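>>> give me a model of this one.
(chains A and B)
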2 protein chains.
Amino acid sequence: MTGDAKAALAAAEAVVGYKMYVELVKDLVAGKELFTSPMTKELDRAALAVELARAGKTVALVSGGDPGVYAMAPVVFELARARGLSLGGPDGLAVEVVPGVPALSAAAALLGAPLSHDFASISLSDRLTPWEIIEKRLAAAAEADFVVVLYNPRSKTRDWQLGRAVEIIGRHRSPETPTGIVSRAMRPGETVAVVELGRVAAAAVDMQTIVIVGNSHSFVHQGRLVTPRGYMDKYGPDWRAE
Amino acid sequence: MTGDAKAALAAAEAVVGYKMYVELVKDLVAGKELFTSPMTKELDRAALAVELARAGKTVALVSGGDPGVYAMAPVVFELARARGLSLGGPDGLAVEVVPGVPALSAAAALLGAPLSHDFASISLSDRLTPWEIIEKRLAAAAEADFVVVLYNPRSKTRDWQLGRAVEIIGRHRSPETPTGIVSRAMRPGETVAVVELGRVAAAAVDMQTIVIVGNSHSFVHQGRLVTPRGYMDKYGPDWRAE
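Numbering: from 1, shown residues only, chains lettered A, B, ... in the order given. Below is the predicted model:
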């Protein structure tokens, strides 16, 4: 957690968030008004945070990772627009987004350095996005040799999407492509694995997992998944011996 | 900066980094051995950090933003592989990557919430990547309606790439597409602007700038650039009135 995020929690009178995330910061929010709700109640949480803020309270709306990446920050702005709320001036809602370490960065650090070149991030959740759009993005990212980051790869009710995604990526990339699988990065229950692309669909994966598929240059050295920036290709001969 | 990054700096005996980044943390590294070098000396810095570590020192190799995103972490692993260095065991090099807030997250937070849906990150630097590959990625990302993040949009010697990138993206996206331009996010000299895609090439942009091009659903509300997650499309009618 960043110093700015800690300061924002310290300054808050009320804290709103998904139950599990508020639990993770419970030592930092003791004595404050706490409002938690289940995973799927994003709009309810954003609406509550906005209502508390309009009633004059300083509110922290807590997300895991980075609040701007598949998280709560946009929901507040969507709501503000739908309700025609001003975001400035004396009567306006003062919204500050405090960035954090996104799950893709935490997962990448545990794996090695797989995100060191161009990458595409795709959520496999088709709850709000039509599956055809997700397929189109998977194919485009795979064909253009992006490192591919998959969010929300599987849930109890969405069990076939990851297999289908691997099949689409596999049309443009070798089944041996090194792929990282990280669950609960830097939280209790963390797991980290590097497997071949062809074995991803059979791996233990859930909603708290990030999958990172290497590009055609990614390699594994001593268990670490790395996408090279290209220095060795350019300067290699001078650097292969000490 | 995260607590883990502060702890890593505190534990280090030697600190290696690009001069500007070490300057940013100078209060945290007082009294330590400091080694700085200019922007383009990435391999030299990584090699020095590895040599110091092999000589028995605890070394912090400093990056701006997240060390795993277009930064120094992969260079250490590229070097370790080229030199056949072990990364484990009593004689191995013990490498820990401490994730940070990537520049794309910091820029997004200042703009509003533009990265809330699938996005592709592309560096416009063709120093180590052939320009044809960069063009292919720009076209693929634009056509599949990814939010597009551009790193290294312009330097003193690379002055035409951003204009060309905007032209390619513009084949698949309206010239009115809202686009964020952030320089020196959360550092001295920070600037934040939202412009139409058609005006990006004429904007003040340099190597310390991140450009974020919205997708076809991105909107501007009260100056904030937002890519909706889709809640209002799905649940809108119940949420448009308080």
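>>> now the residue sitting nearest the centre point of chain A: how far from residue B:181?
Nearest to the geometric centre of chain A sits residue A:103, at 4.1 Å (Cα atoms, centre = their mean). Separation of residue A:103 from residue B:181 (Cβ to Cβ, to the nearest Å): 26 Å. From N, CA and C alone the C-beta is placed, and that goes for glycine too.
>>> can you give me the helices for chain A?
A:3-11, A:19-24, A:42-54, A:73-82, A:103-111, A:131-143, A:161-170, A:231-239 (DSSP state H).
>>> closest to residue B:151 out of the ones you listed?
For residue B:151, the closest of the helices of chain A is helix A:103-111, at 14.4 Å, according to Cβ to Cβ.
>>> list of residues touching the closest one?
Helix A:103-111 is contacted from outside by A:64-66, A:69, A:114-115, A:121, A:149, A:151, A:180, A:182, A:185-186, A:190, A:192, A:194, A:210, A:212, A:224-225, B:66-69, B:73, B:97-102, B:105, using Cβ atoms under 8 Å, 6 or more residues apart in numbering or on different chains.
>>> show the buried residues in these.
Neighbour-count burial (16 or more other Cβ atoms under 10 Å in any protein chain shown) applied to these gives A:64-66, A:69, A:114-115, A:121, A:149, A:151, A:180, A:182, A:185-186, A:192, A:194, A:210, A:212, A:224-225, B:66-69, B:73, B:97-102, B:105.
>>> run a quick neighbour tally on residue A:92.
Residue A:92: 13 surrounding residues under other Cβ atoms under 10 Å in any protein chain shown.
>>> quick check: closest non-adjacent residue to it.
Nearest residue to residue A:92, sequence neighbours excluded (Cβ to Cβ, 6 or more residues apart in numbering or on different chains): residue A:86, at 3.8 Å.
>>> give the contact list for the one you found.
With contact set as Cβ under 8 Å, 6+ apart, residue A:86 has these partners: A:92-93, B:222.
>>> any chance of those residues in TSV, plus pLDDT and distance to residue B:229?
Formatted as TSV, these follow (pLDDT from 0 to 100; distance: Cβ to Cβ, whole Å):
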residue	pLDDT	distance to residue B:229
A:92	92	23
A:93	95	19
B:222	95	19
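>>> closest one of these to residue A:58?
Nearest to residue A:58 among the contacts of residue A:86, counting by Cβ to Cβ, is residue A:93 at 11.9 Å.
>>> which residues touch that closest one?
For residue A:93, the contact set (Cβ under 8 Å, 6+ apart) comprises A:50, A:53-54, A:80, A:85-87.
>>> buried subset of those?
By 16+ other Cβ under 10 Å, these give A:50, A:53, A:80, A:85, A:87 as buried.
>>> end to end on stretch A:144-152, go ahead and measure it.
End-to-end distance for stretch A:144-152: 22 Å, by Cα to Cα, to the nearest Å.
>>> so that stretch, near chain B or not?
Yes - for stretch A:144-152, a contact with chain B is found by Cβ under 8 Å from any Cβ of the partner chain, at A:144-146.
>>> can you give the contact residues for that stretch?
A:70, A:103-104, A:114-115, A:117-125, A:138, A:141-142, A:158, A:162, A:165, A:169, A:172-173, A:207, A:210-216, A:218, A:227, B:120, B:133, B:136-137, B:139-141.
>>> and the nearest residue to residue A:216 once chain neighbours are set aside, how many residues sit next to it?
Excluding the flanking residues, the one nearest residue A:216 by Cβ to Cβ, 6+ apart is residue A:145, at 5.4 Å. Neighbour count of residue A:145, defined by other Cβ under 10 Å: 19.
>>> then residue A:204?
Neighbours of residue A:204 (other Cβ under 10 Å): 10.
>>> what do you get for residue A:63?
The number of residues near residue A:63, taken as other Cβ under 10 Å, comes to 23.
>>> one more: residue A:174?
12.
>>> before we move on, back to that, which of the helices of chain A comes out lowest on mean pLDDT?
Note on these: lowest mean pLDDT is at helix A:231-239, with a mean of 68.
>>> on that earlier part again, buried ones among the contacts of stretch A:144-152?
Buried members of these, counted by 16+ other Cβ under 10 Å: A:70, A:103-104, A:114-115, A:117-125, A:138, A:141-142, A:158, A:162, A:165, A:169, A:172-173, A:210-215, A:218, A:227, B:120, B:137, B:139-141.
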